[in-house]
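*Asks:* Sequence plus predicted model, see below.
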Amino acid sequence: MSMYQSSWTKVMMRYHRFAGSWAWILHRITGIALTAYIFMHIFALSAIQKHKVDDGKAFNEEMALFLSPIFLVIEWLLFAFVLYHTLNGIRIVLVDFANGARYHKQLHYAVVIVGVAAFLAMGYVIFSHQVNQATAFLF
């Protein structure tokens, strides 16, 4: 381990992350994740475009894959990233332009609370169809 890496690790372990720091870190992480998703989405759609001759068969197969439970969970997580990035972006606008700097910590907690509530509600929307199908199969 180099001297620089050791000192960087020590600094990071001592660093106190406050609400604004967490908001900044999470905003950057969600932005990077959404950028990666855009590239993945374009790649998946371009792969479907190569098979135009089969009258939509490739598209239907791809859509069936995207309706599998693992992709529904991934879609739910994608919603979480979009939701946090959007709500935190609104918080940033309020802090910067609406004299919200006095309330940045409260605004961050409001973003988290509204985000968790919307995340859970979207989970119900995404998975309620799957749960209904499973219970209909059982009874």
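*Replies:* Cool, the structure landed. Because the structure is a prediction, the values reported are computed rather than measured.

*Asks:* residues of the helix of greatest length in the chain that come out buried?
*Replies:* Ranked by residue count and defined by DSSP state H, the top helix of the chain is helix 104-138. Neighbour-count burial for helix 104-138, counted by 16 or more other Cβ atoms under 10 Å, picks out 104, 107, 108, 111, 112, 115, 118. Backbone N, C-alpha and C define where each C-beta goes, glycine included.

*Asks:* Show the average pLDDT along the helix or strand hosting residue 21.
*Replies:* Using DSSP states H and E, residue 21 maps to helix 19-49. Mean per-residue pLDDT for helix 19-49: 84.

*Asks:* Repeat that for stretch 80-93.
*Replies:* On average, stretch 80-93 scores 92.

*Asks:* center of this protein - which residue?
*Replies:* residue 81 (1.8 Å; Cα atoms, centre = their mean).

*Asks:* Return the residues in contact with that one.
*Replies:* 30, 33, 34, 37 (Cβ atoms under 8 Å, 6 or more residues apart in numbering).

*Asks:* Tell me how many other residues crowd the first one.
*Replies:* Okay, so that is residue 30. Residues lying near residue 30 (other Cβ atoms under 10 Å) number 19.

*Asks:* what does residue 96 give?
*Replies:* Neighbours around residue 96, by other Cβ under 10 Å: 11.

*Asks:* Would you indicate which residues of the one helix or strand it maps to are buried?
*Replies:* Assigned by DSSP H and E, residue 96 falls within helix 69-97. Across helix 69-97, burial judged by 16+ other Cβ under 10 Å covers 72, 79-81, 83-85, 87-88, 91-92, 94-95.

*Asks:* Which single one of the residues you listed is nearest to residue 22?
*Replies:* Residue 22 has its nearest neighbour among these in residue 88, at 10.0 Å by Cβ to Cβ.

*Asks:* That concludes my questions; thank you for your assistance.
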